[in-house]
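> all I have is the shape, not the residue letters:
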Ligand code: FE
C-alpha cells in the first residue's frame with residue numbers, strides 16, 4: 001500500500017508504505033503538525049506504524065518522528081551522519097529497513113546535507129530521494145555541510161543508475177508535480193540530466209544565491225532532537241479537531257472554529273486579546289467574542305477556568321493570541337486553542353464578523 005501526503009506550509013511530501021499482509025507500515029519524512037492526520041490514516045487503513053524514517057535533518061519543517069513514537073511506539077530512523085539525538089536506529093549505506101515481507105534499501109546520497117539518504121523499494125520500482133533529487137531540480141548545497149560535487153556524484157551513482165522506469169518521489173515540490181522517473185530526469189533535469197557534467201553543475205549551484213529558509217533556526221535544532229519539543233508536555237484536547245504546533249500550543253483553523261462554535265456543548269469561550277480600538281476597527285470581531293486585552297488576561301484566568309468551557313484566543317494575526325494561549329495554559333487551563341492566522345485569516349476565508357467591519 002502506498003500513499004503520498006502533503007504539507008502545504010512547507011511543500012513537503014510524506015510517504016506511507018504499508019505491507020497489507022502483515023499490517024506493518026513505514027512513514028518517510030512525517031511532518032510534526034500532521035501527526036493526527038497520519039495516525040488517523042494509518043488506523044483507517046488497518047496499518048501499524050513500525051518506524052518513521054527521515055531522509056535528512058530538514059531545515060524547513062519539524063519532523064513528526066518523536067510525536068509518532070509517543071503515539072504509535074514507532075522507531076525513529078535516520079542517517080548515522082545526522083548527529084541527531086533520540087533516534088532508535090542510525091542508518092548506513094546498504095542497510096535494509098523491513099516492513100512485513102517488504103523492505104527499503106538505504107542509499108547514502110550526501111550533497112544537500114552530509115546525512116542525506118535515499119530509500120529504494122526492494123524491487124526498485126520506486127525510490128524516495130528526499131532533497132537530493134527534486135523533480136527537474138535538486139536540493140540546495142550551500143549549508144548543512146552541503147557540497148555540489150558530492151550531490152552530483154550521489155545523483156549519478158545512486159539515483160539515475162536505477163532502472164529507467166523507477167519512479168522517483170521527492171521530498172518537496174513547489175509547483176504541484178508529484179512524481180517523476182529515472183528516464184524523465186535523465187532527459188529533462190536541467191541541472192543534472194542530459195549532457196551536464198560535474199563542473200557545469202557545480203558552477204550552477206554555487207551561483208544560486210538563495211535566502212535561508214524561514215524556519216531554519218527552529219527546524220534544524222528541533223530535527224537534531226528528532227522533533228522532540230524542548231519544554232512543553234503534550235496535554236490531549238478532544239473537544240475539536242486541533243493541531244498541536246511545535247511551539248507547544250494547540251491551534252484551531254478558522255473554518256473549524258466556525259463549525260464548532262455552535263456544536264461544542266455549552267459553547268466555546270471566544271476571547272479576543274486585542275486592544276479595544278482594534279476590536280471595532282475594519283477587521284471587526286467574531287460574533288460572541290469577549291474583549292480581554294492581553295495585558296489584562298492573567299487577572300481573568302481563574303474566571304475562564306471556572307467557566308469549564310474550552311477557550312479560543314483570538315488576535316489580529318495569531319501572534320499575540322499564541323502568547324495568550326501559553327499564559328492560560330500556564331495558569332492551568334487545559335482546553336485552550338489559538339485561532340490560526342487570527343482575524344486576518346478569518347476575514348480572508350470570508351467568515352462573518354461584527355463591529356465596524358468593512359464587509
Ligand atoms: Fe532539505
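Okay, I see it. A quick note: this is a predicted structure, and the numbers were derived from the prediction, not measured. Numbers count the residues shown, from 1 in each chain.

> surely residue 89 meets residue 75?
Yes - between residue 89 and residue 75 there is a contact under CB atoms under 8 Å: 6.0 Å. All C-beta atoms are positioned from the backbone trio N, CA, C, and that covers glycine.

> tell me which of the two has more neighbours.
Neighbour count, other CB atoms under 10 Å: between residue 89 and residue 75, residue 75 has more, with 18 against 13.

> contacts only, for the more buried one.
Residues near residue 75 by CB atoms under 8 Å, 6 or more residues apart in numbering: 50, 51, 52, 69, 88, 89.

> 10 Å instead, please
26, 49-53, 65, 68-69, 87-89, 97 (CB atoms under 10 Å, 6 or more residues apart in numbering).

> pLDDT score assigned to it?
If you check residue 75, the pLDDT there is 98.

> for residue 52, same thing?
pLDDT, residue 52: 98.

> can you tell me the SS state at it?
Classification of residue 52 using DSSP: H, G, I helix; E, B strand; the rest coil returns strand.

> surely it and residue 72 touch.
Yes - between residue 52 and residue 72 there is a contact under CB atoms under 10 Å: 8.8 Å.

> what touches both of these two?
Here residue 52 and residue 72 have 25, 27, 38 as joint contacts, going by CB under 10 Å, 6+ apart.

> a markdown table please, covering these and showing neighbour count and distance to residue 178.
Output for these, formatted as a markdown table (neighbours: other CB atoms under 10 Å; distance: CB to CB, whole Å):
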| residue | neighbour count | distance to residue 178 |
| --- | --- | --- |
| 25 | 27 | 20 |
| 27 | 31 | 17 |
| 38 | 24 | 18 |
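
> who touches the helix or strand of the chain with the lowest mean pLDDT?
Lowest by mean pLDDT, DSSP states H and E among the helices and strands of the chain is strand 243-244, with a mean of 84. When contacts are defined by CB under 10 Å, 6+ apart, strand 243-244 is touched by residues 32-37, 67, 229, 232, 234-237, 249-253, 256, 337-338, 340.

> in strands, which of the shared contacts of residue 52 and residue 72 appear?
Within the shared contacts of residue 52 and residue 72, residues falling in strands by DSSP state E are 25, 27.

> could you dump the shared contacts of residue 52 and residue 72 into CSV and include distance to residue 298 and pLDDT?
Shown next, in CSV, are the shared contacts of residue 52 and residue 72 (distance: CB to CB, whole Å; pLDDT from 0 to 100):
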residue, distance to residue 298, pLDDT
25, 45, 98
27, 40, 98
38, 36, 97
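
> which of the shared contacts of residue 52 and residue 72 sits closest to residue 82?
Residue 82 has its nearest neighbour among these in residue 27, at 17.0 Å by CB to CB.

> dig out what the closest one forms beta bridges with.
residue 16, residue 52 (DSSP bridges).

> tell me how far residue 101 lies from residue 23.
11 Å (CB to CB, to the nearest Å).

> residue 32: neighbouring residues, count only.
Counted with other CB under 10 Å, residues neighbouring residue 32 total 23.

> residues in contact with it?
By CB under 10 Å, 6+ apart, the contact list for residue 32 reads 7, 61-68, 219, 222-223, 227, 229, 243-246.

> just the helices in this protein please.
35-44, 65-72, 148-154, 182-188, 198-205, 216-223, 254-260, 276-279, 294-306, 320-330, 342-348 (DSSP state H).

> the last one packs against which elements?
If you count contacts as 3 or more CB pairs under 10 Å, 6 or more residues apart in numbering; DSSP states H and E, helix 342-348 packs onto helix 254-260, strand 311-314, helix 320-330.

> out of those, which comes closest to residue 132?
Proximity to residue 132 (CB to CB) singles out helix 320-330 among these, at 34.8 Å.

> not counting its neighbours along the chain, what's nearest the residue most central in space within the chain?
Averaging the C-alpha coordinates of the chain gives a centre point, and the residue nearest to it by CA atoms, centre = their mean is residue 31 (2.9 Å). In this structure, residue 31 finds its nearest non-sequential neighbour in residue 7, 4.4 Å apart by CB to CB, 6 or more residues apart in numbering.

> so that neighbour touches residue 14, yeah?
Yes - counting by CB under 10 Å, residue 7 touches residue 14, with 7.0 Å between them.

> and for the two, which residues touch both?
Residues touching both residue 7 and residue 14 (CB under 10 Å, 6+ apart): 29, 30, 31, 34, 37, 61, 64.

> residues in contact with the fourth one?
This means residue 34. Contact analysis of residue 34 by CB under 10 Å, 6+ apart lists 5-7, 9, 12, 14, 27, 40-41, 61, 64, 67-68, 243.

> out of those residues, which is nearest to residue 317?
Once CB to CB is applied, the member of the contacts of residue 34 that ends up nearest residue 317 is residue 9, at 15.4 Å.

> quick one: contacts for that closest one?
Applying CB under 10 Å, 6+ apart, the residues near residue 9 are 31, 33, 34, 60, 61, 214, 215.

> same deal with residue 16?
Per CB under 10 Å, 6+ apart, neighbours of residue 16: 1-5, 25-28, 30, 38, 41-42, 45, 47, 49.

> check it and give its pLDDT.
The model's pLDDT for residue 16 equals 98.

> follow-up on the earlier one: neighbour-wise, which of the contacts of residue 75 leads?
Within those, neighbour counts (other CB under 10 Å) peak at residue 65, which reaches 31 neighbours.
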